[in-house]
Structure formats: structure tokens, C-alpha cells
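Q: Build the 3D model from these lines:
(4 chains)
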Protein chains: 2
Amino acid sequence: MTNPKSLDRSSGIAVWRQIMETLKADIVSGSFQTGSRLPPESEFAARFGVNRHTVRRAIAALTTEGILRADQGRGTFVASAPLSYPISNRTRFSEIVSGQDRAPSGRLIGSAIEDADALLANKLAVPLGTSLIRLETLRVADGVPMMVGTGWLEQARVPNFVADYAESGSITEALKRAGISDYRRKETRITAELVEARDAQQLGLALGEPVLILESVDLDLDGTPIQYIRARGAADRMQLVVDGES
Amino acid sequence: MTNPKSLDRSSGIAVWRQIMETLKADIVSGSFQTGSRLPPESEFAARFGVNRHTVRRAIAALTTEGILRADQGRGTFVASAPLSYPISNRTRFSEIVSGQDRAPSGRLIGSAIEDADALLANKLAVPLGTSLIRLETLRVADGVPMMVGTGWLEQARVPNFVADYAESGSITEALKRAGISDYRRKETRITAELVEARDAQQLGLALGEPVLILESVDLDLDGTPIQYIRARGAADRMQLVVDGES
DNA sequence: TAAATTCGTCTATTTGTATAGACAAATAAT
DNA sequence: ATTATTTGTCTATACAAATAGACGAATTTA
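A: Now for the predicted structure:
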């Protein structure tokens, strides 16, 4: 049942990690049920064609993730299989994609001033080096962190944003004071990546988990870009819904 | 924008590979357009805080993938950006592909008959236990596998579907022969997961890589469900684009 | 109780990864 | 033509990853 997986020695991914991911996949798929005993390390070593120490490192990684538990003399056991969330339980985030929410939504967890690089200058249609405000936000549903987002706005357009936010405590209100009361979403680009260390902490994810990446540009009523957003969401907790109407 | 990526030194993923994936993600997201010149290696090295040799290895990997091209004395250029995949109610893979000057192809890699379980019965609006055709398809662009898909259709509605699809290579064409001249997409639900072993082999991905999951239901002109599709795509090769019209 | 099994730890060696510096080769800028 | 920039190649060093073998510690089995 456990795979005759081929290990890639020069892929830049350590062998122990490849084994770790294979084991995790087998546990998720149900090959090894919660509480059941795994074959001994020596057997895995033979099966994968590696040294026992390499298997041990993979098991150690899964142990710190809480997925496995090893008892000296007894064996290694599945402590808790990582859940594959049922689709029906996933949060629908259609409003994010359609742009019907009042972005940047969620709680402001940080801000900074930085100069526009090539990408940002292009997305926001401003000269290279233009001073931008960067906003870091966290979106929570039912107490569970769902997405972390980074938004960039031209500072000249929202000159007093930081002060306004500090005073009003509201992102929407701070934008309104800068004269930005309405805008629409141009498009949203969606892809997926493995979570970064910083986001993993914010979202409460283990390293190696997938995140959905949403990149979008908001336009004002004249079609001028207002902000560029790059949001990262816990893929196992959410599902984006794209309506087929339009 | 390429900078705030934090490198993880103890993740079991080599630094050069983390840089490689960051660069690839930036190319997919449009930071570096096809044909444009990248910043010099020394600048990347400074930006990532690594040695130039490490950056070179990342670039070498992307060069063998055909994504970058390096000319001595001139610089490093984006040879071909990975595919963008627009989503709308008229989504047809071949149209998307041809619109981007990619050679379209779809291949039927398997089919079976199975009874509708609760989920499928609900999605297709048929009684539980209804006989369904299950289709496994592989979609390829420029010789690179992009998506594997599983589709379910009510067998009574499209009796000769398997043969027709195998012959024409087109879902649209096969449906036409079953008397379904047109259909539209009801909605598309998007999430991400880690690739399964079987899909990894089909897509040429390593275990632990993220895949985009697309679930959708196609309706005929009366609004009756025709097929339910669950497709899995290599996240590092594609980007879904949702227009913000609504 | 004794033996077998299985995880835990140790030392030593080989291969892969990353850093450091230097210089050549090709191109672009002056 | 000369200089600066940028990629390509080389040597050398330090550290992590993986292999190999041996033995101890805890548990189960006979």
C-alpha cells in the first residue's frame, strides 16, 4: 500500500522530507488509520532504499507536527491524522473574489511605507519609486484565521491614512477620509503555493501546507488603480466560489 | 516585491529551490513579463541574502525548465511565462489555450461506470444510485501536463459519450453528438490541496506540491445539470483569472 | 526469565549544499 | 577603444545531509 515512490536525490528537496511527505500522504489517504502502528523503521528504510536514520528524521518531523508518536520498544503510531475538511464545512469566500467586500477587510496588523518596485509600479500605474503605504491585514471567521493580506496604496492618495486609522480605528473610515468611498475590483488572479513561515504562524498552519494566493487590483470609478492586494488563505479552510453568471 | 520572502534554512528544502520557486511565482504573477530582463544575479543575491552561486543554481533550474534564458554579458530573460487560465461561464480549455497560442490537446486516460453516491446525486440532481459515467482526463499545453480532471455524467443521457470523446478529443464535440448542443458553467469552486500520489505522477509533480482544485457543474440550456467535474491543476504552472465584472 | 523486537543514541565517512573569492568571456555604455 | 556590467567557470572551505555500523533502552513475545 505504501508507495514504491521514487526518490529524487538532486531535486533540492531533502530525502527525509520526501519520505515525510509520502508518509503524510499515506496517512491522509487512510492507508494508516489513527492509532494504528506503523511498520518498523527498518522496514521503511528497506522499502524506500535508504538508511534507517533518514527514515527516523522523517518520522521525527511528523512527530513534531503531532501526526506520529514513537514509543521505544513498542513502535511508531499514528497520533492524529490530519483532517481533510469536508467541502461543505469550508467557508465560502465568493465576496472576496467578486470584490464585494470592503477591502482591505479584516484587522490591520501592521503598516509601513515603501517605494514602488517594478511590479507595484505596474499594477498601480505609478512611476517607479513612488512612495506607497503597505497594509498587512488578517481576516478571521468564527475566531479562526482565514487569510492574511498585503495591500499597497499610493501614499499621496491617502496621505493621512495611518493617523486617520489610529483615530477612527476603522480602515474603511480612514479610506473614506481620503475621499475613497467607492471602488470596484478589476480582476482576481488565483494560484496556490506552499505557505511561508510568517504566514504559517499567522494562519496557524504547519509548514508544507498549501495556501491559496489571491492577487487583485481595485479601481476607482475612473478606472484608476487604487490598491493592489496579495492575500494568502489557508486552503484547507476555504473555498473560493466563482459564479458562472456575469 | 521579490524580497520579503523569508528563506527557511531547516525545512529540508534547499535554499536554491526556495529561490527558484519564488522566482517562478513572481513570473507567474506578472512581476517579470515574458521577454523582459531580470535584475542581475548579484542583485538577487543581495536581495535574498545569499551567495551569487546559490542564485545561479536557481536560475539554472528554471533555465532547464525553459522558463528563463541567460545570455553571457547581456543578462537573464524570461523565455516563457506559465499559463494563465481565465474562468468564466464559457470556460473551455481548448479556447483558453488557443487564445494564448498554445497547442490544445485533451486526452482521455480512463473511464468507468459507477453509481451515484450522495454527493454526486446532489450535484447532478439525479436519484441516489443512478448509473454514471466517470471520465478521467488529462489536459496538456505545449506538451506540459496542466490538469487532470474527473468528470461524472448521467449515463442514460450520453450513452455513447466515451467513444465519442475518445474519437473527437473534445468534450464539447462528444456532447454535441449526444444531442447537447450547448451548455454553460453554473459555478466554479476553487481550493487547493497537496497533490495525491496518482495525480503527482500524471502531472509530473513531486509529492508535497500544491495543486489547485476546481469543482464545477455544467448545465444545459434548461438549467439541468449535465456533468460534475473535479479537476486538479499544477499550481506552479497556472494562474486562474477571475474577471471582476459583476 | 530469556530472547527477540523496536526505538534511541553514538561515532565515523561520504556526498550534497552554501559561502567566498578570483578571473575569463561576452555584451553594453562612454 | 576603453570601461563598466553581467554571465560563466574555476578553486577552496565550511556545514548539512545521508550512509554505515554498533550498541543501549524499553517493550513484547516465547
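
Q: Mind jotting down where the strands sit in chain A?
A: For chain A, applying DSSP state E gives strands covering A:68-71, A:75-78, A:91-92, A:107-115, A:131-141, A:144-154, A:184-194, A:210-219, A:225-234, A:238-243.

Q: Just put those in CSV and tack on distance to B:Thr54.
A: C-betas here are computed from N, CA, C, even on glycine. Shown next, in CSV, are the strands of chain A (distance: least, Cβ to Cβ, whole Å):
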stretch, distance to B:Thr54
strand A:68-71, 32
strand A:75-78, 35
strand A:91-92, 39
strand A:107-115, 25
strand A:131-141, 27
strand A:144-154, 26
strand A:184-194, 19
strand A:210-219, 24
strand A:225-234, 25
strand A:238-243, 34
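
Q: out of the ones you listed, nearest to A:Pro39?
A: strand A:75-78 (8.5 Å; Cβ to Cβ).

Q: ok so, going back, mind giving me a markdown table with the strands of chain A and columns for distance to chain B, mean neighbour count and mean pLDDT?
A: Shown next, in a markdown table, are these (distance: least, Cβ to the nearest Cβ, whole Å; neighbours: other Cβ atoms under 10 Å in any protein chain shown; pLDDT from 0 to 100):
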| stretch | distance to chain B | mean neighbour count | mean pLDDT |
| --- | --- | --- | --- |
| strand A:68-71 | 16 | 16 | 92 |
| strand A:75-78 | 17 | 18 | 93 |
| strand A:91-92 | 8 | 14 | 60 |
| strand A:107-115 | 10 | 13 | 86 |
| strand A:131-141 | 10 | 18 | 87 |
| strand A:144-154 | 8 | 21 | 88 |
| strand A:184-194 | 4 | 22 | 84 |
| strand A:210-219 | 4 | 23 | 89 |
| strand A:225-234 | 8 | 24 | 91 |
| strand A:238-243 | 4 | 23 | 78 |
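
Q: Looking at the ones you listed, spot the one closest to A:Arg9.
A: Shortest distance between A:Arg9 and the strands of chain A, using Cβ to Cβ, is found for strand A:184-194: 20.8 Å.

Q: What residue in chain A comes nearest to DNA strand C?
A: A:Pro40 (3.4 Å; Cβ to the nearest atom of the strand).

Q: re earlier: can I get the strands of chain A in a markdown table including distance to DNA strand C?
A: Listed next are the strands of chain A as a markdown table, based on distance: least, Cβ to the nearest atom of the strand, whole Å:
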| stretch | distance to DNA strand C |
| --- | --- |
| strand A:68-71 | 4 |
| strand A:75-78 | 4 |
| strand A:91-92 | 36 |
| strand A:107-115 | 23 |
| strand A:131-141 | 26 |
| strand A:144-154 | 25 |
| strand A:184-194 | 16 |
| strand A:210-219 | 22 |
| strand A:225-234 | 23 |
| strand A:238-243 | 32 |
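
Q: Among those, which comes closest to B:Arg74?
A: Among those, strand A:107-115 sits nearest to B:Arg74 (Cβ to Cβ), with 26.8 Å.

Q: which residues does the residue nearest to A:Ser111 when sequence neighbours are not counted bridge with?
A: Excluding the flanking residues, the one nearest A:Ser111 by Cβ to Cβ, 6 or more residues apart in numbering or on different chains is A:Leu135, at 5.2 Å. Bridge pairing for A:Leu135 (DSSP bridges) gives the partners A:Ser111, A:Gly151.

Q: Distance of A:Leu135 relative to B:Ala70?
A: Counting by Cβ to Cβ, to the nearest Å, the separation of A:Leu135 from B:Ala70 is 36 Å.

Q: burial of A:Gly223, as a residue count?
A: 9 (other Cβ atoms under 10 Å in any protein chain shown).

Q: err, A:Gly30, not the other one
A: The local packing of A:Gly30 (other Cβ under 10 Å) involves 11 other residues.

Q: Also A:Glu173?
A: A:Glu173: 12 surrounding residues under other Cβ under 10 Å.

Q: What parts of chain A come near DNA strand D?
A: Residues of chain A that fall close to DNA strand D, judged by Cβ under 7 Å from any atom of the strand: A:14-16, A:49-51, A:53-54, A:57, A:71-74.

Q: Quick check: helices, which of the residues you listed are part of them?
A: The helices, defined by DSSP state H, take in A:15-16, A:53-54, A:57 from these.

Q: residues in contact with stretch A:133-144?
A: A:91, A:104-114, A:145-155, A:158, A:161-162, A:171, A:202, A:204, A:231, A:237 (Cβ atoms under 8 Å, 6 or more residues apart in numbering or on different chains).

Q: let me redo that: stretch A:60-68
A: So stretch A:60-68 is contacted by A:16-17, A:20, A:23-24, A:27, A:38, A:59, A:69-70, A:76-82, A:206, B:12 (Cβ under 8 Å, 6+ apart).

Q: Go again with 6 Å.
A: By Cβ atoms under 6 Å, 6 or more residues apart in numbering or on different chains, the residues outside stretch A:60-68 that reach it are A:20, A:59, A:76, A:79, A:206.

Q: From the residues of chain A next to DNA strand D, pick the one nearest DNA strand D.
A: The nearest member of the residues of chain A next to DNA strand D to DNA strand D, counting by Cβ to the nearest atom of the strand, is A:Gly73 at 2.4 Å.

Q: residues touching the closest one, list them.
A: Neighbour list for A:Gly73: empty [criterion: Cβ under 6 Å, 6+ apart].

Q: And the pLDDT at it?
A: What the model reports as pLDDT for A:Gly73 is 88.

Q: Quick check: phi and psi at it.
A: Note on A:Gly73: its backbone torsions stand at phi 90, psi -20 [degrees, to the nearest 10].

Q: Can you give me the neighbour number for the closest residue to A:Leu175 other than its chain neighbours?
A: Among residues not flanking A:Leu175 along the chain, A:Val158 sits closest, at 6.6 Å (Cβ to Cβ, 6+ apart). Per other Cβ under 10 Å, the neighbour tally for A:Val158 reads 22.

Q: Verify the stated contact: A:Val158 with A:Ile180.
A: No - the pair A:Val158 / A:Ile180 is not scored as a contact, 7.0 Å apart, by Cβ atoms under 6 Å.

Q: who's in contact with A:Ser42?
A: Contacts of A:Ser42 (Cβ under 6 Å, 6+ apart): A:Arg52.

Q: so how far is chain B from it?
A: For A:Ser42, the distance to chain B equals 22 Å [Cβ to the nearest Cβ, to the nearest Å].

Q: and the spatially closest residue to A:Gln18 that is not a sequence neighbour, how far is that from B:Gly151?
A: Nearest non-adjacent residue to A:Gln18, counting by Cβ to Cβ, 6+ apart: A:Leu7, 5.4 Å away. Taking Cβ to Cβ as the measure, A:Leu7 falls 33 Å from B:Gly151.

Q: Noted, bye for now.
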